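Q: generate a structure from the sequence data that follows.
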Amino acid sequence: MSERLRRNQQVIDEFRSSAGVVGGDFDGVPLLLLTSTGARTGLARTMPMTYLRDADRLVVFAANGGRPQHPAWFHNLLTHPVAHVEVGTESFDAAVTVLDGETRRRLWTEQLKHTPYFAGFQEKSGREIPVIALARAS
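A: Sure thing, here's the model as predicted:
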């Protein structure tokens, strides 16, 4: 297991064992766990990530640490646009929408207030970072 995957698993385990609260580098950071279905494998893949609340939906950002390619979970969501979300002690299925236009700009700008380093990810990546809304599936 790579160091990155091992660290993600530690965060996932801590999240699940402490009602969604994670310490260390993530102390005070709003985190959720997003489980998507692998685009090629069909296997469940869970990733911890920061989020922004927007009314009754949660918004995540496919920054991938500023890498030039989108993260695998984003490709998974494009193929299978329903995900499972864990936030705090809640767990639910969510419909996925990739945002664009003014809505994307508004939410990206709002997120930069909380995580200004995302601006560096945008610049470093050379791509527009996708902004994704997760709305509770009915």
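Q: how about the strands of the chain, start to end?
A: With DSSP state E as the criterion, the chain has strands at 31-37, 44-50, 52-54, 57-61, 82-87, 90-99, 131-136.
Q: out of these, which is closest to Q10?
A: Q10 sits nearest to strand 44-50 of all the strands of the chain, at 9.5 Å, using CB to CB. Bear in mind the C-beta positions are built from the backbone N, C-alpha and C, glycine included.
Q: can you pull the buried residues of that closest one?
A: Neighbour counts using 16 or more other CB atoms under 10 Å place 46-50 of strand 44-50 among the buried residues.
Q: tabulate those (CSV), appending pLDDT and distance to L78.
A: CSV is the format used below for these (pLDDT from 0 to 100; distance: CB to CB, whole Å):
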residue, pLDDT, distance to L78
T46, 96, 18
M47, 95, 15
P48, 95, 20
M49, 94, 16
T50, 94, 20
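Q: take the strands of the chain and lay them out in a markdown table including distance to F15.
A: Shown next, in a markdown table, are these (distance: least, CB to CB, whole Å):
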| stretch | distance to F15 |
| --- | --- |
| strand 31-37 | 6 |
| strand 44-50 | 6 |
| strand 52-54 | 17 |
| strand 57-61 | 15 |
| strand 82-87 | 7 |
| strand 90-99 | 11 |
| strand 131-136 | 16 |
